[in-house]
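>>> Build me a model:
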Amino acid sequence: MPPDSFSVPIMIGVAVLALALAGVLIAHLRVRRDLGQARSQLLQARQAQEHLTRETSAREQRLAQAERQAQEAADLLREARAQQDVAWVETEHLLSTRIPALVSHLRAPHVIVPGVQNPALAGTELDRLHRGILDAVARGIREEGERIDEAAQAIVRGAMSRVQTQALRAQDLLAGIQQRYSGDEHTALLREVLGLDMFNELIIRRVQVTGIACGATPGLSRDDTYLVDLVVGAISRVENFEQRIEGPANHLRRRIGVAARAAEPILFITSELLANAVHHSHGTLKVTIAVHETNNGAAIVIDDAGVGLNEEQYARATHLLGGGHPVRLVDLGNPPRTGWAAIGRQVAHYGMQVTVKKSAFGGVQAVVNVPAALLVEMPEGSRPSVLAPEPVRAAVPAAVTSAIPTSAVPAAGSPRPEPVPAARPEPVTALRPATPLRPEPVATLRPEPAAVPEQPDPAEALAALPQRRRQSPRSAAGPRPAAGSGSTGGSGGGSLTTPEEAARRWGEFQAGAEAGRREALPTQPHDNTEGN
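Have a look, this model is predicted:
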């Protein structure tokens with residue numbers, strides 16, 4: 001075959017091959033392009049997946065955090081509910097137990113106010129809040145109680161003042177009856193009047209102590225008075241004093257009196273302590289009283305053999321008798337025992353001191369210390385009343401008395417170097433102290449009245465002394481004899497009344513008065529004084 005016959009197919013083949021190669025190349029380029037696009041899409045998909053993974057992780061973290069927060073919130077809620085329950089229970093305990101106990105504690109200090117019911121709450125904010133509530137309640141109750149107590153005391157003061165005024169008027173009326181019907185033909189009437197007078201005296205003392213405990217004054221005024229006379233007056237204010245009180249023993253060596261401003265308070269304090277001692281002693285036991293001079297003034301000592309006090313009662317007595325703290329009516333019991341509180345007010349006002357302790361007889365010893373600022377020196381010419389005992393002097397030993405020679409006893413009317421003072425009525429034998437060098441004669445060896453010209457008339461001395469009017473000698477002995485008049489028991493006309501005659505008259509009067517009081521008074525005492 002000719003060469004041209006082979007070139008055409010070859011050319012066609014080459015062309016086809018070229019076209020095939022071109023197609024393959026084009027396809028390869030397209031595949032590479034598609035592959036690049038696929039790679040880029042895969043990369044984007046991977047990036048999107050990674051982003052989604054990160055977001056999923058963040059969501060999971062947020063979800064876990066949310067779950068933790070929800071759990072914590074649930075725990076907090078449970079804890080808050082538990083705390084609320086505890087606070088609710090504790091508040092109920094505060095309202096039902098602690099506040100009522102606090103109210104009782106304010107009335108009776110021995111009642112204990114409980115603390116928090118749950119010990120775990122001690123010192124917490126809730127405990128502090130509850131304590132603040134208790135303090136506010138206590139403060140409010142105290143302020144309101146003080147206001148109410150002050151109003152009650154003002155009412156009691158006014159009522160007792162009116163009652164005391166009427167009782168004092170009754171006392172004046174009874175004193176007038178005693179003076180008008182003092183003859184022997186009115187003995188029965190006088191007994192009844194003396195009994196009524198004693199009852200009225202008890203009413204006055206009861207009214208007086210109640211008023212003083214509420215801030216009132218004693219309600220009576222006196223002049224400067226001998227201290228021993230005040231003690232005698234205090235004894236006469238106590239029921240059944242003739243059988244129950246022994247004394248007073250007068251150990252004063254000077255003319256000691258009490259200033260006018262403090263005379264009635266001291267008389268009141270002494271009478272209240274005596275009444276308390278008598279009330280808490282058996283009916284057959286005596287209460288002794290003595291008056292002493294001290295370096296800082298004077299002292300009145302009262303001893304009883306009664307039931308005594310325990311430690312708590314001694315502490316309460318010391319607290320009330322000191323007068324250093326205000327006392328409310330609600331603190332005095334029911335019924336109120338106002339004796340010690342009234343004494344404490346007077347002690348604090350006048351600067352005195354009253355102490356109580358166990359006596360040597362097993363009962364109570366009360367000592368009233370009167371400072372020197374309240375004492376005065378009585379005038380030279382004045383003397384205590386005839387009812388006041390003479391100062392207690394040392395007794396003369398029997399050996400010394402037997403050794404006194406007969407020549408040492410002066411004759412009647414002869415001068416003596418140291419005459420023995422004439423005695424007034426007294427419960428204690430008055431003897432001058434004996435000395436080894438020159439023994440004195442005993443008190444029974446007295447001079448005749450003419451040998452003692454300086455002895456005043458007892459009637460004149462009595463007229464100048466402060467005394468209770470119903471105890472005036474005119475009540476039983478008739479009109480007082482004038483100075484220098486004859487005595488019924490004297491040796492002759494114009495002579496002075498002898499000390500023996502005066503003692504006899506006053507002894508008869510006191511015996512009659514005591515008999516009248518014993519018959520008029522009931523067997524059971526009605527004097528309610530400060531209790532143990």
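
>>> Looking at this structure, which helix is longest?
Secondary structure of the chain per DSSP state H: the longest helix is helix 4-93.

>>> Return the list of helices and strands in contact with it.
On a contact count with 3 or more CB pairs under 8 Å, 6 or more residues apart in numbering; DSSP states H and E, helix 4-93 meets helix 125-180. Bear in mind the C-beta positions are built from the backbone N, C-alpha and C, glycine included.

>>> Neighbours of the residue lying closest to residue 351 once chain neighbours are set aside, how many?
Leaving out its chain neighbours, the residue that sits closest to residue 351 by CB to CB, 6 or more residues apart in numbering is residue 371, at 5.6 Å. If you count neighbours by other CB atoms under 10 Å, residue 371 ends up with 15.

>>> What of residue 30?
10.

>>> how close does it sit to residue 367?
135 Å (CB to CB, to the nearest Å).

>>> likewise residue 131?
In terms of CB to CB, residue 131 sits 44 Å off from residue 367.

>>> When those two are compared, which one has more neighbours?
Taking other CB under 10 Å, residue 131 and residue 367 do not tie; residue 367 has more neighbours (17 against 14).

>>> Assign a three-state SS to that one, would you?
What DSSP: H, G, I helix; E, B strand; the rest coil gives for residue 367 is strand.

>>> Find the residue closest to residue 121 in space, skipping its chain neighbours.
residue 127 (5.3 Å).

>>> quick one: which helix or strand includes residue 336?
Residue 336 belongs to no helix or strand when assigned by DSSP states H and E.

>>> can you pull the contacts of the residue most central in space within the chain?
Computing the C-alpha centroid of the chain and ranking residues by CA atoms, centre = their mean puts residue 320 first, at 2.4 Å. Residue 320 sits next to 327, 340, 341, 343, 344 when contact means CB atoms under 8 Å, 6 or more residues apart in numbering.

>>> Point out the ones among those that are inside helices.
Per DSSP H, the subset of the contacts of residue 320 in helices is 340, 341, 343, 344.

>>> For the closest residue to residue 252 other than its chain neighbours, give me its contacts.
Using CB to CB, 6+ apart and skipping the chain neighbours, the partner closest in space to residue 252 is residue 293 (5.4 Å). Applying CB under 8 Å, 6+ apart to residue 293 gives the contacts 251, 252, 253, 254, 256, 299.

>>> Among those residues, name the buried ones.
Among the contacts of residue 293, those buried by neighbour count (16 or more other CB atoms under 10 Å) are 251, 252, 256, 299.

>>> circling back: tell me how far the residue nearest to the centre of the chain lies from residue 279.
Applying CB to CB, the value for residue 320 to residue 279 is 16 Å.

>>> What part of this structure, helix or strand, is modelled with the least confidence?
helix 474-477 (a mean of 34; mean pLDDT, DSSP states H and E).

>>> picking up where we left off before, right, and the residue nearest to residue 351 touches residue 347 too?
No - using CB atoms under 8 Å, residue 371 is not in contact with residue 347, being 10.7 Å away.

>>> intersection of neighbour lists for the two?
Shared contacts of residue 371 and residue 347, defined by CB under 8 Å, 6+ apart, are found at residue 353.

>>> so which strand or helix has residue 314?
Residue 314 is part of helix 311-322, with elements assigned from DSSP H and E.

>>> could you give me the average pLDDT of that helix?
Per-residue pLDDT over helix 311-322 has a mean of 88.

>>> Give the buried residues for it.
Going by 16+ other CB under 10 Å, helix 311-322 has these buried residues: 314, 316, 317, 319, 320, 321, 322.

>>> what's the closest of the residues you listed to residue 225?
Nearest to residue 225 among the buried residues of helix 311-322: residue 321, at 23.3 Å, using CB to CB.
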